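Peer 1: Okay, predicted coordinates and the sequence, questions at the end:
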Amino acid sequence: MCLAIPSKITHIDENGMATIDVDGVQRKTSLLLIEDPQVGDYVIVHAGFAIHKIDEKFALESLTVLRESLAIAMQTDPRSDC
């Protein structure tokens with residue numbers, strides 16, 4: 001299973017590579033598949049490539065839902081002995 005997490009482009013270098021950020025975690029990704037990427041854009045990344053730009057409002061809403069889901073999962077982990 002693959003989970004698409006919106007990532008914000010924070011830096012673009014001259015080789016078509018970008019630094020992306022999700023909650024302070026930064027990674028490098030290729031922008032070769034994205035048309036006209038800009039610093040500040042939100043993208044979906046798969047296998048090291050940004051594959052789709054998404055709207056900032058949608059990205060922020062998605063990140064909120066993911067954080068809330070994680071918080072619930074951590075409280076009700078069915079693998080827990082408690």
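Peer 2: Done, it's in. Residues are numbered from 1 along each chain as shown.
Peer 1: roughly how far is the helix or strand of the chain with the lowest mean pLDDT from the heart of the chain?
Peer 2: Here the helix or strand of the chain ranked lowest by mean pLDDT, DSSP states H and E is helix 56-75, holding a mean of 90. Centre-to-centre, helix 56-75 and its host chain are 12 Å apart (Cα atoms, centre = their mean, to the nearest Å).
Peer 1: repeat for stretch 69-76
Peer 2: Per Cα atoms, centre = their mean, the centroid offset for stretch 69-76 relative to its chain is 19 Å.
Peer 1: Please point out which parts of it sit buried.
Peer 2: Buried residues in stretch 69-76, counting neighbours by 16 or more other Cβ atoms under 10 Å, are absent. Any C-beta I mention is one placed from the backbone N, CA and C, and that applies to glycine too.
Peer 1: Just the C-alphas of it, formatted as PDB.
Peer 2: Presented in PDB, the C-alpha positions along stretch 69-76 are these (Å, rounded to 0.1, in the frame of the first residue of the first chain):
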ATOM      1  CA  SER A  69      -5.800   9.800  11.900                       C
ATOM      2  CA  LEU A  70      -2.400   9.100  13.300                       C
ATOM      3  CA  ALA A  71      -3.400  10.400  16.700                       C
ATOM      4  CA  ILE A  72      -6.400   8.200  16.800                       C
ATOM      5  CA  ALA A  73      -4.400   5.200  15.600                       C
ATOM      6  CA  MET A  74      -1.800   5.700  18.300                       C
ATOM      7  CA  GLN A  75      -4.500   5.700  21.000                       C
ATOM      8  CA  THR A  76      -6.300   2.600  19.800                       C
END
